[in-house]
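Undergrad: Sequence unavailable; structure follows:
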Ligand code: UD1
Ligand code: CA
């Protein structure tokens with residue numbers, strides 16, 4: 001196998017996004033689009049990886065680090081962008097993959113096919129990845145010769161009517177033989193409708209030098225270019241569809257797959273059931289046999305085997321649920337460990353806490369963890385029982401097996417197996433209600 005280098009172009013202005021943020025930093029499934037692309041590229045184990053950015057794009061450089069970056073001083077076109085990466089590849093004799101940061105859905109298999117297309121036949125200068133989209137819109141068109149090699153790529157703006165009728169489009173992805181890279185790229189000029197240095201010109205340049213360019217075909221879905229927010233939403237749909245399929249193939253049941261949103265790193269165990277309308281942010285690990293009920297929002301959480309979550313639950317970063325924990329409706333958990341079998345079934349906020357094994361947290365329990373400046377911990381022992389509508393004013397420790405009476409505001413530690421009851425004494429006045437009603441009636445009759 002030849003060694004591979006990858007050049008990823010990301011220096012374009014991204015005007016059509018109408019955004020103050022660089023286009024390649026716009027997120028798909030909670031992750032910048034360029035990171036999706038880079039992680040696919042990494043699977044190819046390239047010897048070199050160079051991301052081409054504009055001078056002001058420090059944010060992009062930070063995002064792609066530790067990947068090497070090259071600066072394109074001015075956005076003069078895709079050809080000039082590749083030229084910016086040439087110094088980094090001086091003397092490189094492998095295969096160079098050129099990829100677009102705004103074409104992030106390409107698969108590993110396609111990249112491998114592209115690289116393989118350059119193997120053997122020394123006369124091939126480049127392999128160009130084409131596709132046949134349903135609507136060829138303003139993509140560049142591939143002019144394919146009778147023998148199947150490529151004559152030219154014509155940009156839409158420069159194309160004749162006849163060329164615009166061609167349905168095979170340029171995806172932008174190419175594999176170029178390293179040996180020819182510098183010579184081809186430095187021969188590009190800007191004599192075209194946009195006065196840009198088009199990377200696509202290398203096809204005709206190669207031909208004039210007696211070299212050939214081949215075509216590989218990819219599918220529309222993976223070659224979607226993201227230029228505006230409509231295409232961004234289309235890309236999101238493609239990614240989500242892929243992840244839903246892999247979640248289901250991996251042994252999770254998604255009752256209504258289209259309404260479940262996953263993250264790139266969502267890990268689901270076997271026999272997990274996910275009900276409709278569940279959103280996974282990054283950093284979620286779900287054990288075996290877990291059921292996540294409808295309308296739950298989960299991020300940065302670990303859910304142990306056999307646990308039940310929701311409906312309408314919110315698990316925030318640092319929520320760690322051990323085996324068989326039960327989290328019910330309208331419960332929010334943040335940065336808390338819930339030990340085996342603990343239950344928080346209704347309408348509670350548990351933050352910066354430990355809830356011991358088999359403890360039961362009653363409806364409406366709130367850990368008051370914040371005084372406006374700092375956060376404090378609540379520690380609830382195993383088997384403790386917290387009555388409904390309890391405020392636990394942290395820092396506070398509830399001992400193992402303790403019981404807290406409903407409606408308590410607990411600000412001092414409770415000993416193991418004790419009862420804490422913080423309530424005003426209940427007062428009964430016999431007959432008071434009846435006397436009250438009679439008095440009201442008398443007053444009403446007097447005035448009418
Ligand atoms: C490009 C192709 C077109 C193809 C389409 C596929 C050229 C000339 N045209 O058009 O044939 O059908 O992609 O999606 O190659 N970039 C730079 N520096 C620049 C200009 C662009 O780094 O000076 C980067 C952009 O950030 C982007 C990529 O190159 O990631 C493509 O640029 P864009 O302007 O979107 O090209 P298209 O008009 O889509
Ligand atoms: Ca584009």
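TA: That came through fine. Everything quoted here is computed from the prediction, not taken from an experiment. Ligands and ions are numbered 1, 2, ... in the order given.
Undergrad: contacting residues around the residue nearest to residue 183 when sequence neighbours are not counted?
TA: Spatial nearest neighbour of residue 183, chain neighbours left out: residue 209 (7.6 Å); criterion: C-beta to C-beta, 6 or more residues apart in numbering. Bear in mind the C-beta positions are built from the backbone N, C-alpha and C, glycine included. Residue 209 is in contact with 125, 183-184, counting by C-beta atoms under 8 Å, 6 or more residues apart in numbering.
Undergrad: Quick check: residue 209 vs residue 90, distance?
TA: Distance of residue 209 to residue 90, computed by C-beta to C-beta, to the nearest Å: 20 Å.
Undergrad: got it, and residue 316?
TA: Taking C-beta to C-beta, one finds residue 316 at 49 Å from residue 90.
Undergrad: And for residue 388?
TA: In this view, residue 388 and residue 90 are 72 Å apart by C-beta to C-beta.
Undergrad: Looking at those two, which one has more neighbours?
TA: Legend: neighbour count by other C-beta atoms under 10 Å for residue 388 and residue 90, higher for residue 388 (17 against 8).
Undergrad: For the residue in the stretch 201-350 of the chain positioned nearest to ligand 2, the count of nearby residues, please.
TA: Nearest residue of the stretch 201-350 of the chain to ligand 2, counting by C-beta to the ion: residue 225, 4.1 Å away. Neighbours of residue 225 under the rule other C-beta under 10 Å: 20.
Undergrad: can you tell me which of the contacts of residue 209 are in helices?
TA: Counted as lying in helices by DSSP state H, out of the contacts of residue 209, are 183-184.
Undergrad: Make JSON lines out of the contacts of residue 209 and add neighbour count, pLDDT and distance to residue 12.
TA: Output for the contacts of residue 209, formatted as JSON lines (neighbours: other C-beta atoms under 10 Å; pLDDT from 0 to 100; distance: C-beta to C-beta, whole Å):
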{"residue": "125", "neighbour count": "26", "pLDDT": "96", "distance to residue 12": "24"}
{"residue": "183", "neighbour count": "14", "pLDDT": "97", "distance to residue 12": "25"}
{"residue": "184", "neighbour count": "23", "pLDDT": "97", "distance to residue 12": "21"}
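Undergrad: Save the contacts of residue 209 as CSV, and put in distance to ligand 2 too.
TA: What follows is those, written out as CSV (distance: C-beta to the ion, whole Å):
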residue, distance to ligand 2
125, 23
183, 26
184, 21
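Undergrad: and of the contacts of residue 209, the nearest to ligand 1?
TA: Of all the contacts of residue 209, ligand 1 sits closest to residue 184, with 13.6 Å by C-beta to the nearest ligand atom.
Undergrad: Could you say which helix or strand holds the residue nearest to that closest one when sequence neighbours are not counted?
TA: Distances taken as C-beta to C-beta, 6+ apart put residue 202 closest to residue 184, at 4.4 Å, once the chain neighbours are dropped. Using DSSP states H and E, the element containing residue 202 is helix 202-208.
Undergrad: Neighbours of the residue nearest to residue 394 when sequence neighbours are not counted, how many?
TA: In this structure, residue 394 finds its nearest non-sequential neighbour in residue 376, 3.6 Å apart by C-beta to C-beta, 6+ apart. Counted with other C-beta under 10 Å, residues neighbouring residue 376 total 16.
Undergrad: quick one: contacts for residue 376?
TA: So residue 376 contacts 352, 369-370, 394-395 (C-beta under 8 Å, 6+ apart).
Undergrad: now that we have those, which one has the most neighbours?
TA: The residue in the contacts of residue 376 with the most neighbours, by other C-beta under 10 Å, is residue 369 (23 neighbours).
Undergrad: Tell me how far that residue lies from residue 410.
TA: Per C-beta to C-beta, residue 369 is found 13 Å from residue 410.
Undergrad: What about residue 203, how many residues nearby?
TA: Around residue 203 there are 28 other residues, counting by other C-beta under 10 Å.
Undergrad: is stretch 37-49 anywhere near ligand 2?
TA: No - legend: contact between stretch 37-49 and ligand 2 by C-beta under 5 Å from the ion is lacking; minimum distance shown is 12.9 Å.
Undergrad: For that stretch, what is the distance to the chain centroid?
TA: Its chain's C-alpha centre and that of stretch 37-49 lie 19 Å apart, by C-alpha atoms, centre = their mean, to the nearest Å.
Undergrad: So for that stretch, mean pLDDT?
TA: In this model, stretch 37-49 has a mean pLDDT of 96.
Undergrad: cool, and stretch 202-222?
TA: 95.
Undergrad: Show the end-to-end separation of that stretch, please.
TA: End-to-end distance of stretch 202-222: 24 Å, with C-alpha to C-alpha, to the nearest Å as the criterion.
Undergrad: Contact partners for residue 225?
TA: Residues in contact with residue 225 (C-beta under 8 Å, 6+ apart) are 100, 102-103, 139, 171-172, 231.
Undergrad: So which of those residues sit within strands?
TA: Secondary structure defined by DSSP state E assigns 100, 171-172 of the contacts of residue 225 to strands.
Undergrad: Please list which of these also come close to ligand 1.
TA: Contacts with ligand 1 are made by 100, 171-172 out of those, judged by C-beta under 6 Å from any ligand atom.
Undergrad: Most neighbours among these, which one?
TA: For these, neighbours tallied by other C-beta under 10 Å; top is residue 171, 27 neighbours.
Undergrad: does that residue really touch residue 105, like I thought?
TA: No - the pair residue 171 / residue 105 is not scored as a contact, 10.6 Å apart, by C-beta atoms under 8 Å.
Undergrad: what is in contact with these two at once?
TA: Residues touching both residue 171 and residue 105 (C-beta under 8 Å, 6+ apart): residue 223.
Undergrad: what does stretch 395-406 contact?
TA: Against stretch 395-406 from outside (C-beta under 8 Å, 6+ apart): 356, 362, 376-390, 392, 410-423.
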